[in-house]
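Participant: sequence first, predicted coordinates after that:
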Amino acid sequence: MSTRILVVEDEPAIRELVAVNLRHAGYRVDGVDSAEAARAAIARALPDLIVLDWMLPGESGVDFARALRADARTGTVPIVLLTARAHEGDKLLGFERGADDYITKPFSTRELVARVRAVLRRATAAAEASAGATDEAPIEIEGLRLEPAAVRVSAGDARLSLSPTEFRLLHFLMRNADRAVSRNRLLDEVWGDHVYIDRRTVDVHIRRLRLALAPSGHDRLIETVRGEGYRFARR
Ligand code: CA
């Protein structure tokens, strides 16, 4: 069965451009023009990925992304946000509200397809791990427990909610505990195909990971190593 992508974009020309290029890349694509129409489409069939425009009439793409993340059925569906705003603060806001990646308009269709492919690859890797396709042992450090096979992270009795990217990032950091790892190394290990991803993306995801770990205080274990990258430090 082919991979299903839902494109949510109110501008017909851009929606069609995105849909045509993703279909050409072999994906099954549905296009809708609002968050409301997207909800109806998702109710009929759960997509494997959602390309979501930031500026939609009515409910904005960012608010819709947050609602999707909060819903158990759609919580793990990867979201690529389309944004006309190149402003750094807005990018951070989009990430914190649940997008897995963003593309700034105007974008090249090659870049769009490459980004979508990379996000899907990360999500598939997480799903395979979830299906038990990994025999990697759980890791527990300072009360923070990561179970690769179950794709589960918990602090004491509390289960933490991480996106596929944050899970892979934390897994790699914990496997390399007490060692400083560079942003480039993280891009290689966590993002893999990162031709269109800049090093700043690592910082954004580290920030999200720290937010997710903050309630139990485990965010303090992720240290910034000046001029180098990051380190998961045992205390
Ligand atoms: Ca729009």
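Facilitator: Structure's in. What do you need?
Participant: please list all residues in contact with the closest residue to Arg159 other than its chain neighbours.
Facilitator: By the measure of C-beta to C-beta, 6 or more residues apart in numbering, the closest residue to Arg159 outside its immediate chain neighbours is Arg152, 6.5 Å from it. Every residue, glycine included, has its C-beta placed from N, CA and C. Applying C-beta atoms under 8 Å, 6 or more residues apart in numbering, one finds that Arg152 lies in contact with Arg145, Leu146, Arg159.
Participant: would you map the strands across the protein?
Facilitator: The residue ranges that make up the strands of the chain, judged by DSSP state E, are 4-8, 28-32, 49-53, 79-83, 101-104, 139-141, 144-147, 152-155, 158-160, 181-182, 222-225, 229-232.
Participant: what about the closest residue to Ala38 other than its chain neighbours, neighbour count?
Facilitator: The shortest distance from Ala38 to any residue that is not its chain neighbour, by C-beta to C-beta, 6+ apart, is 4.6 Å, and that residue is Val8. Taking other C-beta atoms under 10 Å as the criterion, the count of residues near Val8 is 29.
Participant: near the ion, which residues of this structure?
Facilitator: Within reach of the ion by C-beta under 5 Å from the ion, the chain has these residues: Asp10, Asp53, Met55.
Participant: so where is this structure shaky, pLDDT-wise?
Facilitator: 1, 85-97, 127-135, 192-197 (pLDDT under 70).
Participant: so what's the residue sitting nearest the centre point of the chain up against?
Facilitator: With distances taken as C-alpha atoms, centre = their mean, the residue of the chain nearest its centroid is Asp100 (2.6 Å). When the contact criterion is C-beta under 8 Å, 6+ apart, the partners of Asp100 are Pro78, Ile79, Val80, Val119, Arg122, Ala123, Ser163, Pro164, Thr165.
Participant: how many residues are close by Ala126?
Facilitator: 21.
Participant: returning to what we had before: which of the contacts of Asp100 lies closest to Leu68?
Facilitator: Among these, Ile79 lies closest to Leu68 (C-beta to C-beta), at 6.7 Å.
Participant: now the strands of the chain in CSV, with distance to Ala38?
Facilitator: Output for the strands of the chain, formatted as CSV (distance: least, C-beta to C-beta, whole Å):
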stretch, distance to Ala38
strand 4-8, 5
strand 28-32, 5
strand 49-53, 7
strand 79-83, 11
strand 101-104, 17
strand 139-141, 37
strand 144-147, 32
strand 152-155, 29
strand 158-160, 27
strand 181-182, 37
strand 222-225, 34
strand 229-232, 35
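Participant: one step back: got TSV for the residues of the chain next to the ion, with distance to Thr109 and neighbour count too?
Facilitator: Conversion of the residues of the chain next to the ion to TSV gives the following (distance: C-beta to C-beta, whole Å; neighbours: other C-beta atoms under 10 Å):
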residue	distance to Thr109	neighbour count
Asp10	19	17
Asp53	15	24
Met55	20	15
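Participant: give me the domain ranges for this protein.
Facilitator: Taking automatic domain parsing as the criterion, the chain consists of the domains 4-131, 139-232.
Participant: hang on, the earlier thing: give me the buried entries from the contacts of Arg152.
Facilitator: Among the contacts of Arg152, those classed as buried by 16 or more other C-beta atoms under 10 Å are Arg145, Leu146.
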